[in-house]
Structures are given as structure tokens and as C-alpha cells.
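Enquirer: take a look and give me a structure for this.
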Amino acid sequence: MTSPSVETGVEDRTEPDKDFGSSVELALAATNQLFNARNSPRYVAQVLQGVNVVATKVQRTARPFTGVGHAEMAARVAAVELERPLPDTAAALEELDELYLQDAIYFHDARYAAHLNCPVVIPALLGEAVLSAVNSSMDTWDQSVGATMIERRLIDWTAERLGFGNDADGVFTSGGSQSNFQALLIARNHAVAKLRAEIGESRLPALLERLRILTSLDSHFSIRKAASMLGLGFDAVITVPTSADHRMDPSALAAALAEAHDAGLVPMAVVATAGTTDFGAVDPLAELAALAHAYDSWLHVDAAYGGGLLVSNRYRHLLEGTRLADSVTVDYHKTFFQPVSSSAVLLRVGAMMRHVTYYADYLNPESAALAEIPNQVDKSIQTTRRFDALKLWLTLRIMGADAIGALFDEAIDLAGRVGFLLANDPDFELAAKPCLSTLVFRYRPVVGGSALAEGASDVLNPAIRAAIFDSGEAVVAGTTVAGRHYLKFTLLNAEATLGDIREIVELIRRTGAGLLADQPAEQARAAA
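Expert: Numbering: from 1, shown residues only. Take a look at the predicted model:
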């Protein structure tokens, strides 16, 4: 046990069994790994080692996944002795190859067709390297001088493409879920402010009981999650039916709004979706905006997926109506081909950002706002935040917006061709005509003179997906439609061809046929 210092009364933290000289040597050696002017050659050498390892791995990887199981990976990682550093960078990278790189899911492979993960463009990777080294923090002006202005310019650029006016504003976020949450937080606070103006001061919990959010059956789960985090609860979300094309039904929304209003509830927000996760459906934005505003409701458009249409050369018209929204979510790390993370929430009336503004004297005092010092934390629910906007900035400056749009257009076109292929194949059922770049379908061949029974299909399709994932030959997704199990392609690779996707289709067919052959014929024909 250490004893207090006689002179200061402060506990002596020096451990007697440790050699002071060796501790100093360790600290001096550690400073060689700090990124600074003295160590810049070491920085270049180590980063290049890593870049070369990744590039070599990508060149030599012939499938999107190895099929390794989670138990094996857990054992490998658990075996690492973190208290014993490796001798050099080369050894660390060799270990990393075994623990991560050789078994990573590679989104650039044409046979990756599962989730909304895009292959990324090289200018954005350049931006990632720059921003992580300089390590700007986007909360205050005195931490991010040029970065602040670059981010603000990109917000203005996106707002202009959305059709917003000069009063618009926004901020970069970690992703669509956070963007949706911030938009609904602002909508909630805006609704509460109006209620307090009508009925006088009242505690927040009492006001929240009346608030409701209306969104479609196919909207993203983050809307319900946001409602819970905002103190409204899952029950505060009113689910609006969709039409046959999986777009929110305006007549159903009108009825839901009227019913809520007549019950004394406050429809604080209507959330439309521009690119649903499963079907890529874009809700009729202009019609929904008219209904929302008729009830003085906030209209938020979740365009996390469909935001890439802003730079599309052929499909931009699908986003018609975003100019009428109060807020919009855009995920650049989906259809702008940026690395995770890169998203933004944009507001048509930027002054509404006041609903998330908090001042701290040690960081962003109100006096700084009065002096018009641009502290980004004034409009963000994050404090420390990466300069993710740099990735999009360099992409636009090197490639241009039209080139980004061309990549998304190719993916949309490919989905159309694959949809035609599946719709005309007797072994498959297409759940809906593709809108953007997703396809929902199932393998349901003819067995014993009739289509495979619904119940058997519900068992077979998830099994197909799991078997293919375990093989590592391809990666596809799954979902449910009206309680039935389906497979899903999400196509975001502009270099993938119809032939590439046809190979996955044939793999699904072979896998499904093999699984059926292992079952008794009567079980395969069993009624649902």
C-alpha cells in the first residue's frame, strides 16, 4: 500500500517494484507512434503497409465471404493476448488478416446482394485517410475551421438539390437512424412548443401523451425506435396502410389523421419514405405533404436509401415533392457510395434547429452564437463528431455529382433486368415490381403438379439463405411480406452484370432443389 506524500498530502502513485528508468524509456518509445511532423515518415510507411495489405487482399479474394462460423471467429479473437503487443506493424497486420480481413464481408464483390451496403469510391477513401489523420472534431469552430465551412457548403448543396430555399440548414450525422431521430426530436419539440402556447405551461410528460407519429407499414424501424427514445412509446406510432405498390396510401393517411384529430390527439409528424428498405418504394410525397400540412403536422421524408436520386441522371423525378418536406434524411453511405459513416438531416427552415440547441460555457457559450461564430454543435445532437463530410467533398471534386448518379442509375437498371428475369422464371415468385435497386422474391417451384405449399416455402427460403451464406459463394438477404418468408436482393454494384446475378439465382435454385430433395415428398407438399 502506498503512503501519502509528507509535503503535499497527495497519494504517491509510484509503484516501488517498477523501474523508473524503464518507464521513461517506454514513454519515449511510445511517442514515436504519435502522429506529428517528426514521425510523418513512420506514418507514411505504416499506412502504406496497411493499404497494400488491403489492396492485395481485395485482388486475391474470389468470393464475398468465406463462410466462417461465429464460434470459430470468437475463439480466434479470444485467443489474442492483448497485454502483449506484437513486435511490429507487419506482425499486427498478419494477425489482422487472420482475425478480420480474410473473413470480412466484401461489398465490392458482385455476388454480395444482401443489404444496403455499397462498394465505395476511391476519392472517399482518400478523404477517410485525410480526416482520420488530422482528426478534426466538428463540434466547435476552434476545432474545425475549414472543415466547418466544407460541411456547411455540402449541406447547402444537398438542400438546393432537395428544392429547399435559402433558409434551409442541416448537419451531418452518423447514419439514417440518427438523422431520423433528430428530425423527430425537432418535430416533437416544435409540437410541444405549440401546445404550451395554446394551453400554457405544462410538464413535458403530460404533453407527450397526446402526440402521435404517422408512418407507413413499410417504413424503417428507426421511426418506432425514435418514438420510444423520445418518451412517446411505440404505441404513439400510427401505422398507415400501403397500396399494392408498397407506397403509403394517401386516402388511408387522410383517414388516420382525421381519426387522431377527432380523438383529441396531436399528429405531430407524418413520416414519408423515399426508398423503403425492402421494396425501394417512394411514397407520393406531394400528396402526403398536403395532408400533413392541413393538420399542421411536420412532414419528415426518410430518404436514407432514395437520397441518391438527387444526383441521378434518369430517375431524379422520383423524388419530386421533397421541397415540401419540413425535414429530410439522406444517407450518403448508401447511394452516394461513401464509406460508413456519412449521413445528414436537412431542414427546410433552418431556424428550427433551435429545438436541439444547448449552450455550455466551456464549449459553445451563447455569446459565441450571438457573435455568429459557427459552432456546429449548436445544431447537432452529437458533440465530438468526425469530419465525414470530407469524403463526399472529395468525391464531388474528383468525380462530380453526375458520375455518382450514373453509378446508382446502373444499379436501378440492373434491378429492372433481374426483376424481368425472376418474373418469367416458373421457379420463382416476385413480390413486387422493383422501384429502385431491391427485389423481394422467393423460390417456390412446382412440386407434385402444384406450387410448393406456403408453409413449406416459409421453411425453405430462410434455409436457402442460411446455406448460401455458410457456403460463402454469395450473400443474399431475407424478409417477410404479409407474414411469409422471402429472399431479397439489394443491388448497389454498378459493375455487377445480369450474368453475375443470374449465377446467384441459379445457386438459389440448386440449393433449394437440394434442400427439397432431402425432405420427404409429402412434407414438401404439406398444406400451410
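
Enquirer: hey, let's count contacts and neighbours off CA atoms from now on
Expert: OK.

Enquirer: does residue 321 touch residue 285 like I think?
Expert: Yes: using CA atoms under 8 Å, residue 321 is in contact with residue 285, at 5.1 Å.

Enquirer: buried stuff in stretch 257-274?
Expert: 257, 260, 266, 267, 268, 269, 270, 271, 272, 273, 274 (16 or more other CA atoms under 10 Å).

Enquirer: same list, the residues you listed, but as a markdown table with secondary structure, distance to residue 209 and pLDDT please.
Expert: A markdown table is the format used below for the buried residues of stretch 257-274 (DSSP: H, G, I helix; E, B strand; the rest coil; distance: CA to CA, whole Å; pLDDT from 0 to 100):
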| residue | secondary structure | distance to residue 209 | pLDDT |
| --- | --- | --- | --- |
| 257 | helix | 16 | 98 |
| 260 | helix | 13 | 97 |
| 266 | strand | 9 | 97 |
| 267 | strand | 11 | 97 |
| 268 | strand | 11 | 98 |
| 269 | strand | 14 | 98 |
| 270 | strand | 17 | 98 |
| 271 | strand | 19 | 98 |
| 272 | strand | 23 | 98 |
| 273 | strand | 25 | 98 |
| 274 | strand | 29 | 98 |
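
Enquirer: now those in CSV, with distance to residue 396?
Expert: Putting these into CSV (distance: CA to CA, whole Å) gives the following:
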residue, distance to residue 396
257, 41
260, 44
266, 42
267, 39
268, 36
269, 33
270, 32
271, 29
272, 28
273, 26
274, 23
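
Enquirer: what's in contact with the strand or helix carrying residue 75?
Expert: Using DSSP states H and E, residue 75 sits in helix 70-78. Residues from elsewhere that reach helix 70-78, judged by CA atoms under 8 Å, 6 or more residues apart in numbering: residue 99.

Enquirer: ok now the helix or strand following that helix, how far from the chain's centre?
Expert: As assigned by DSSP H and E, the chain's next helix or strand after helix 70-78 is helix 89-99. Put simply, helix 89-99 sits 29 Å off its chain's centre (CA atoms, centre = their mean, to the nearest Å).

Enquirer: which strands and helices sit next to helix 89-99?
Expert: If contacts are counted by 3 or more CA pairs under 8 Å, 6 or more residues apart in numbering; DSSP states H and E, helix 89-99 sits against helix 40-60, helix 70-78.

Enquirer: list the contacts for residue 249?
Expert: Counting by CA under 8 Å, 6+ apart, residue 249 makes contact with 240, 241, 242, 243.

Enquirer: any idea of the pLDDT on residue 448?
Expert: You'll see residue 448 listed with a pLDDT of 86.

Enquirer: going along the chain, name the strands of the stretch 401-528 of the chain.
Expert: With strands called from DSSP state E, counting those that start in this stretch, the stretch 401-528 of the chain shows them at 428-430, 438-443, 446-447, 450-451, 475-481, 484-490.

Enquirer: so how far is the helix or strand hosting residue 24 off the chain centroid?
Expert: Using DSSP H and E, residue 24 sits within helix 20-31. Centre-to-centre, helix 20-31 and its host chain are 43 Å apart (CA atoms, centre = their mean).

Enquirer: ok, now stretch 58-65?
Expert: 24 Å.

Enquirer: can you give me the end-to-end distance of it?
Expert: One end of stretch 58-65 sits 12 Å from the other (CA to CA, to the nearest Å).

Enquirer: quick check: which ranges of the stretch 1-150 of the chain have low pLDDT?
Expert: Along the stretch 1-150 of the chain, the parts satisfying pLDDT under 70 run over 1-18.
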